[in-house]
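Undergrad: this is a predicted model, with the sequence first.
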Amino acid sequence: MRSHRVILNMYLRQKERIKKVHATLHEDLQFDYEDAIEQL
């Protein structure tokens, strides 16, 4: 049960990291990647 929590926390941290990097991209690239990020 503990390992599931660890994996979930890793996933959530990576998702936040992706969102931060996404915000720094050029607006055209942000638009291109927006749908893919929303599906995470």
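TA: Arrived safely, thanks for sending.
Undergrad: drop to CA atoms for contacts and neighbour counts, all remaining ones
TA: OK.
Undergrad: any low-confidence regions in this structure?
TA: 1 (pLDDT under 70).
Undergrad: try it again at 90.
TA: Across the chain, the ranges flagged by pLDDT under 90 are 1-3, 40.
Undergrad: host element of the spatially most central residue of it?
TA: For the chain, the residue nearest the mean C-alpha position is Lys15 (2.7 Å; C-alpha atoms, centre = their mean). Using DSSP states H and E, Lys15 sits in helix 2-24.
Undergrad: next one: Asp28
TA: Asp28 belongs to helix 27-38, assigned by DSSP H and E.
Undergrad: and that helix, what other elements does it pack with?
TA: helix 2-24 (3 or more C-alpha pairs under 8 Å, 6 or more residues apart in numbering; DSSP states H and E).
Undergrad: returning to that earlier point: for the residue nearest to the centre of the chain, what are its contacts?
TA: Lys15 makes contact with Leu40, according to C-alpha atoms under 8 Å, 6 or more residues apart in numbering.
Undergrad: so what's the residue count around Val22?
TA: Let me fix one detail, which is that residue 22 is His and not Val. Counted with other C-alpha atoms under 10 Å, residues neighbouring His22 total 17.
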